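Colleague: Need a 3D model of the sequence below.
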Amino acid sequence: MGKNVKNDFHRTKKETECETLSIPEAGKVLGLGRNKAYEAVQRGEIPSLKFGGKTVIPRKAIDKMLENTGNNPEI
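Modeller: Alright, predicted model coming up:
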């Protein structure tokens, strides 16, 4: 086992954490079911990025949505 294996083993969670979520993953974070999450993305209520046929949700967008919940009287 080389030195790189040791370094990979000691990566922090932040280094290995993906910057995007799938729609179902984002739904879980927001407390939504799979279908409601897809509907919210289609309505533009959850910010998303599309790469070819794959739609992903930036983790920072979800974090920002959750931070701002106290500022939105509709929630």
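Colleague: and the helix or strand containing residue 63, which residues are buried?
Modeller: When elements are assigned from DSSP states H and E, residue 63 belongs to helix 59-67. Along helix 59-67, these residues count as buried under the neighbour rule (16 or more other C-beta atoms under 10 Å): 59, 61-62, 65. (C-beta placed from N, C-alpha, C; glycine too.)
Colleague: go on, stretch 23-35?
Modeller: Neighbour count says stretch 23-35 has 23, 25-27, 30, 32 buried, by 16+ other C-beta under 10 Å.
Colleague: Generate JSON lines for the buried residues of helix 59-67, with pLDDT and distance to residue 46 as supplementary columns.
Modeller: JSON lines is the format used below for the buried residues of helix 59-67 (pLDDT from 0 to 100; distance: C-beta to C-beta, whole Å):
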{"residue": "59", "pLDDT": "95", "distance to residue 46": "12"}
{"residue": "61", "pLDDT": "94", "distance to residue 46": "8"}
{"residue": "62", "pLDDT": "94", "distance to residue 46": "8"}
{"residue": "65", "pLDDT": "89", "distance to residue 46": "8"}
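Colleague: counting contacts, what elements does the helix or strand hosting residue 36 pack onto?
Modeller: Per DSSP H and E, residue 36 falls inside helix 34-43. On a contact count with 3 or more C-beta pairs under 8 Å, 6 or more residues apart in numbering; DSSP states H and E, helix 34-43 meets helix 23-30.
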